[in-house]
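Undergrad: Test case, fold it:
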Amino acid sequence: MYTPRAFALDDLPEIQQLIQHTRLAQLVSVGEHGLQASHLPLLLNPDEGANGTLYGHMAKANPQWRDLQNGAEALVIFAGADAYVSPAFYPAKAEHGKVVPTWNYLAVHAYGKAEVFTDAERLLAVVSALTDRHEGGRPQPWAVSDAPADYIDGMLKAIVGFALPIERVIGKRKLSQNRSQADINGVRNGLAASDDVRDQTLARFIPQGVAE
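TA: Coordinates of the predicted model:
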């Protein structure tokens, strides 16, 4: 991922927080059948390994797990908030007009080689942890144990799990840091005033400074 110094996110706890707040990741690998990608919810154990370890599962019918089993390096993309930035947000537009549109966003790219497993106990632990995470905010959370045991046993036979220690990670936080503080404030205010909740979400990541 191309990351100019102004946009680099180097703080590991911040990177891990962005990973944990991304509900659906993209797992990309290359192998016998070329490039493959899967959209997967993942879990991060931030304390396992130098950069943390990712856990997930995919359908056994999905051939991508064979890439992982064969030792292919995987890229996992965590796309955070994003928003179109209009030149109209910049006070500089009125001053000299030398402005163009851009896109602001948060993203993390994590790389590593995964261990694939089919052990039912490990699979059940991953599936249960993912379920508990995403059901936790519901008034009456559903649990894997709510389903018949023999049904769950059959479902586990249809998936493979993986553990992916993050060997290297690149974080990017493109929030108009290359602009003047007045323009940064303009972007934040413009996105915050948008009717689009996605714009409003990104606006919250842009610090409010004192205009120049």
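
Undergrad: Every contact and neighbour count from this point should use C-alpha atoms.
TA: Will do.

Undergrad: Is it correct that residue 91 is in contact with residue 185?
TA: No: in terms of C-alpha atoms under 8 Å, residue 91 does not count as a neighbour of residue 185; the distance is 9.2 Å.

Undergrad: Between the two, tell me which one has more neighbours.
TA: With other C-alpha atoms under 10 Å as the criterion, residue 91 and residue 185 differ in neighbour count, and residue 185 comes out ahead with 24 against 18.

Undergrad: Check which helix or strand that one maps to.
TA: According to DSSP states H and E, residue 185 maps onto helix 181-192.

Undergrad: likewise residue 179?
TA: Element membership for residue 179 (DSSP H and E) is empty, with no helix or strand holding it.

Undergrad: on that earlier part again, state the next helix or strand along the chain beyond the helix holding residue 185.
TA: Tracing the chain C-terminally past helix 181-192 and defining elements by DSSP H and E, one meets helix 197-203 next.

Undergrad: Write down the beta-bridge partners of the residue most central in space within the chain, one by one.
TA: With distances taken as C-alpha atoms, centre = their mean, the chain has residue 78 as the residue nearest its mean C-alpha position (2.0 Å). Beta-bridge pairing of residue 78 under DSSP bridges involves residue 108.

Undergrad: Could you find the closest non-adjacent residue to residue 144?
TA: For residue 144, the nearest residue in space outside its immediate sequence neighbours is residue 128; the separation is 5.9 Å by C-alpha to C-alpha, 6 or more residues apart in numbering.

Undergrad: hang on, that neighbour in a helix?
TA: Yes: using DSSP: H, G, I helix; E, B strand; the rest coil, the assignment for residue 128 is a helix.

Undergrad: which stretches of this structure form helices?
TA: Taking DSSP state H as the criterion, the chain carries its helices at 12-21, 64-69, 91-95, 120-135, 149-156, 181-192, 197-203.

Undergrad: Just the buried positions in the fourth one, please.
TA: Within helix 120-135, the residues that qualify as buried are 120, 123, 124, 126, 127, 129, 130, counting by 16 or more other C-alpha atoms under 10 Å.

Undergrad: Please spell out which residues along the lowest-mean-pLDDT helix or strand in the chain are buried.
TA: With mean pLDDT, DSSP states H and E as the measure, the helix or strand of the chain carrying the lowest mean pLDDT is helix 91-95 (a mean of 78). By neighbour count, with 16+ other C-alpha under 10 Å as the criterion, the buried positions of helix 91-95 are 91, 92.

Undergrad: by contact count, what packs against that helix?
TA: For helix 91-95, the contact count by 3 or more C-alpha pairs under 8 Å, 6 or more residues apart in numbering; DSSP states H and E identifies helix 181-192 as packing neighbours.

Undergrad: And the furthest pair within the buried residues of helix 120-135?
TA: Of all pairs drawn from the buried residues of helix 120-135, the one with the longest distance (C-alpha to C-alpha) is 120 and 130, at 15.3 Å.

Undergrad: dump the residue contacts of residue 103.
TA: 82, 83, 84, 85 (C-alpha atoms under 8 Å, 6 or more residues apart in numbering).

Undergrad: Distance of it relative to residue 150?
TA: Residue 103 sits at a distance of 49 Å from residue 150 (criterion: C-alpha to C-alpha, to the nearest Å).

Undergrad: likewise residue 55?
TA: 24 Å.

Undergrad: who's more crowded, those two?
TA: Neighbours were counted for residue 55 and for residue 150 using other C-alpha under 10 Å; residue 55 has more, 22 against 9.
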